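In: Kindly generate the corresponding structure for this input.
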Amino acid sequence: ENKADGWINQLINLARNIPKSDGDVLRICATCFIEEKEYDCAKDVFLKLNDLSELMKLFMQLNDWDAAASLMQQRGRALDKGILQPYAEGLLLQDRFGEALEVCSKGGLVEYSQRMMKQLADNAIIECRFKDASYLFWLLSKEQLKMQNEEGARKFQVYNDMLL
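Out: From the prediction side, this is the model:
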């Protein structure tokens, strides 16, 4: 066992024994684990802290989209919108368009989702994939109608509250 391994093992033991109330110390441990490519240890620290945003960032850094998708399914709305957009972009890079749209939809990234659908539809037209383009425009119009209905319902509620 070389000196570096001994240091990492000591840090692993330290991170396991530190209570989660010492979040600052645990975050420093996680940073060290990432620098030393001890990703499983960093993951354990983020789980201990219940820091889903940092865990998602780690998965994205590692391009571990399956783990990211699993985290999305388990914790969905608890994830920060600032994390969801890069996650959706990572899915797009892997040609996982449906999953990327689902992430946007579940995460409330409406504008980003609409831009993505429009871009995908435009690309489908350029590539003469008209069936795909028509499907994407249908999804886009459905999303737009949903937004209009929600806005109309909100305005109606405001008006109704004013009358009562």
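In: Tell me which residue lies nearest the centroid of the chain.
Out: L84 (2.9 Å; CA atoms, centre = their mean).
In: what sits against that one?
Out: Contacts for L84 (CB atoms under 8 Å, 6 or more residues apart in numbering) come out as V103, C104, G107, L109. Glycine gets a C-beta too; all of them are placed from N, C-alpha and C.
In: Give me the lowest-pLDDT entry from these.
Out: For the contacts of L84, the weakest pLDDT value sits at G107, with 77.
In: isn't that residue right up against K81?
Out: Yes: the criterion here is CB atoms under 8 Å, and G107 meets it with K81 at 5.9 Å.
In: Show me which of these two is the more surrounded one.
Out: Per other CB atoms under 10 Å, whichever of G107 and K81 has more neighbours is G107, with 21 against 11.
In: For that one, give its distance to I8.
Out: According to CB to CB, to the nearest Å, G107 stands 35 Å off from I8.
In: same question, S113
Out: From S113 over to I8 the distance is 42 Å, taken as CB to CB.
In: same deal with V25?
Out: Between V25 and I8 the computed distance is 16 Å (CB to CB).
In: Also A88?
Out: Using CB to CB, A88 is found at 34 Å from I8.
In: Could you do L26 as well?
Out: From L26 to I8 the distance is 15 Å (CB to CB).
In: Next: E36.
Out: Taken as CB to CB, the span from E36 to I8 is 6 Å.
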